[in-house]
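Asks: Have a look; sequence and predicted model below, questions after that.
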Amino acid sequence: MAELVLEDGGIALPALHKAVVRRVTRGGMVIRGTELVSRGGSKGRVQWFAQTWWCLVLTEQVMQEVFDLNPIRNP
């Protein structure tokens, strides 16, 4: 199982069940699994949804290229 945990310990996204790391690169990794969604109650219907997460490794270069984008600034 994979989870995206916030700095304060809270959960940012629903858990990814049967998670498998499919690819690892210098910039990040791809994780695939299944999200379980319960429609409430002990007899509630459960639905499963295939999910793929791309996890970005925050390096100085990534911060400059991705997070320092300014759509108004001219290149």
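Replies: Ah, there it is. A quick note: this is a predicted structure, and the numbers were derived from the prediction, not measured.
Asks: any idea which helix or strand carries the closest residue to I31 other than its chain neighbours?
Replies: Computed as CB to CB, 6 or more residues apart in numbering, the closest residue to I31 that is not its neighbour in sequence is W53, at 4.6 Å. The C-beta positions use only the backbone N, C-alpha and C, and glycine is treated the same way. Secondary-structure element containing W53, defined by DSSP states H and E: strand 46-56.
Asks: Now that strand: buried residues?
Replies: Q51, W53 (16 or more other CB atoms under 10 Å).
Asks: can you give me the helices in the protein?
Replies: 60-66 (DSSP state H).
Asks: and the most centrally placed residue in the chain, what does it touch?
Replies: Residue closest to the average C-alpha location in the chain (CA atoms, centre = their mean): W53, at 4.3 Å. Contacts for W53 were tallied using CB atoms under 8 Å, 6 or more residues apart in numbering; they are A2, L4, L13, L16, V30, I31, R32, G33.
Asks: least trustworthy helix or strand in this protein by mean pLDDT?
Replies: Least confident helix or strand of the chain, by mean pLDDT, DSSP states H and E, is helix 60-66 with a mean of 76.
Asks: Just name whatever secondary elements that one is in contact with.
Replies: In terms of contact count using 3 or more CB pairs under 8 Å, 6 or more residues apart in numbering; DSSP states H and E, helix 60-66 is assigned no packing partners among helices or strands.
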